[in-house]
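>>> With the sequence up front, the predicted model follows.
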Amino acid sequence: MTYRKFIKAKQEEALENDKEESAVYLLMEAVTGLETNALYMRSDDEMKKEDEEKFNSIFDKYLHDNKPIQYLIGYSNFYGYDFYVNEDVLIPRCETEELVENVLYKYDDFFKGKKVDVCDLATGSGCIGITLSLEEKNMNVVATDISDKALAVAKKNNEKLGGRVTFLQGDMLKPVEGKKFDIFVSNPPYIPDDELVDSLVKDNEPNIALFGGSDGMKFYRIILSGLKKLLKPKAMVAFEHGYDKKDEMYKLAKAYFPDAKVECIKDLEGKDRMTFIYVGGIDE
């Protein structure tokens, strides 16, 4: 059987079991060591027996043990980098890639390439802070998390990918008390406690990194209530949040930063996914 026919058959099997067909390509790339384009070029080749056996062994766990494919293969690609992931951290999402991209874009516009101090709060796997440090040499990044286990994963990624991040352990803003930052970025837990979540996510990814109180806004309130004393006179704050929280985020940001410009940015699906706050330097 060719790789093409094998992949098609496995995609159909995934759908029949209410799983994502995209997982088939992720697993095939991991098994063969080939990226999507290279795999496509070999799609009409006869599939190697060892590739088939290795694929089936992992795919069976994905189908029947309700385990995310990223945990099974041990990594998730984020912004072109392969981040090690396990059950101690959330699997990085494409929406968070857009947060990073917008931070980099807005940095160029707001800070004009100057050296800046950045805080990535609730870093998890480290995907935000590490990527920022790799993509922009003028960013000095500190990343925090309440979980020692998550920080162990983030530190491993930092070393593996050649990041330049300093890690601090602690709850919310406590690890960075007394420090000042030009950029503050966070993707905190924001799923409302009573919201229905796919079992693949809820039963595997750390719930402490998923749920954000009764309305999903708990951690934004905590962060924004103590953030002013941690920012330099000219600063930028960037949040990822639930797509239906645009108005609540705007009101909350304005409550603590009434003179700042507050901007909501849509993701590629047209959803209101990010809020940026510009303190000083930008007129309304």
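Done, it's in.
>>> in this protein, which spans are strands?
75-78, 81-84, 116-121, 139-145, 165-169, 181-186, 231-240, 261-266, 272-279 (DSSP state E).
>>> Output those strands in CSV, with mean pLDDT and mean neighbour count appended to each entry.
Quick note: C-beta positions are derived from backbone N, CA and C, even for glycine. Converted to CSV, these look like this (pLDDT from 0 to 100; neighbours: other Cβ atoms under 10 Å):
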stretch, mean pLDDT, mean neighbour count
strand 75-78, 94, 20
strand 81-84, 96, 19
strand 116-121, 98, 24
strand 139-145, 98, 24
strand 165-169, 98, 17
strand 181-186, 98, 24
strand 231-240, 97, 21
strand 261-266, 96, 16
strand 272-279, 97, 22
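>>> any weak-confidence spans in this protein?
Applying pLDDT under 70 to the chain picks out residues 282-284.
>>> Go again with 50.
Residues of the chain that meet the criterion pLDDT under 50 lie in 283-284.
>>> center of it - which residue?
P92 (3.7 Å; Cα atoms, centre = their mean).
>>> Check the gap between the spatially closest residue to K149 that is not a sequence neighbour and N204 for me.
In space, K149 comes closest to D88 once its chain neighbours are excluded; the distance is 3.9 Å by Cβ to Cβ, 6 or more residues apart in numbering. For D88, the distance to N204 (Cβ to Cβ, to the nearest Å) stands at 11 Å.
>>> before we move on, what about E12?
24 Å.
>>> so how many other residues sit close to L227?
23 (other Cβ atoms under 10 Å).
>>> Can you name the residues that contact it?
By Cβ atoms under 8 Å, 6 or more residues apart in numbering, the contact set of L227 is 173, 184, 237, 256.
>>> Likewise for E205?
Contacts of E205 (Cβ under 8 Å, 6+ apart): 68, 87, 89-91.
>>> Let me know the closest of the residues you listed to Y107.
Y107 has its nearest neighbour among the contacts of E205 in L90, at 24.0 Å by Cβ to Cβ.
>>> mind listing the helices for the stretch 51-200 of the chain?
In the stretch 51-200 of the chain, the helices defined using DSSP state H, counting those that start in this stretch lie at 69-73, 94-111, 127-135, 148-161, 199-202.
>>> Using JSON lines, please lay out the ones you listed together with distance to K19.
Output for those, formatted as JSON lines (distance: least, Cβ to Cβ, whole Å):
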{"stretch": "helix 69-73", "distance to K19": "9"}
{"stretch": "helix 94-111", "distance to K19": "18"}
{"stretch": "helix 127-135", "distance to K19": "24"}
{"stretch": "helix 148-161", "distance to K19": "25"}
{"stretch": "helix 199-202", "distance to K19": "8"}
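>>> so which of the ones you listed comes closest to K245?
Evaluated with Cβ to Cβ, these place helix 94-111 nearest to K245, the distance being 13.0 Å.
>>> Count the residues that sit near the closest residue to E20 other than its chain neighbours.
Spatial nearest neighbour of E20, chain neighbours left out: A14 (6.5 Å); criterion: Cβ to Cβ, 6+ apart. By other Cβ under 10 Å, 20 other residues sit near A14.
>>> just to revisit the earlier point, which of the contacts of L227 sits closest to E159?
Using Cβ to Cβ, those come closest to E159 at F184, 24.5 Å.
>>> Now for that closest one: which residues touch it?
Here F184 is in contact with 118-119, 121, 227, 230-231, 235-238 (Cβ under 8 Å, 6+ apart).
>>> how close does Y62 sit to E16?
Noted for Y62: a distance of 13 Å to E16, by Cβ to Cβ.
>>> Tell me which residues touch the residue nearest to S76 when sequence neighbours are not counted, please.
Leaving aside its sequence neighbours, S76 sits nearest to Q70 (Cβ to Cβ, 6+ apart; 4.2 Å). Each residue near Q70 by Cβ under 8 Å, 6+ apart is listed here: 26, 76, 85, 91.
>>> Turn the residues you listed into JSON lines, including distance to D247.
Converted to JSON lines, the contacts of Q70 look like this (distance: Cβ to Cβ, whole Å):
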{"residue": "L26", "distance to D247": "36"}
{"residue": "S76", "distance to D247": "31"}
{"residue": "V85", "distance to D247": "33"}
{"residue": "I91", "distance to D247": "29"}
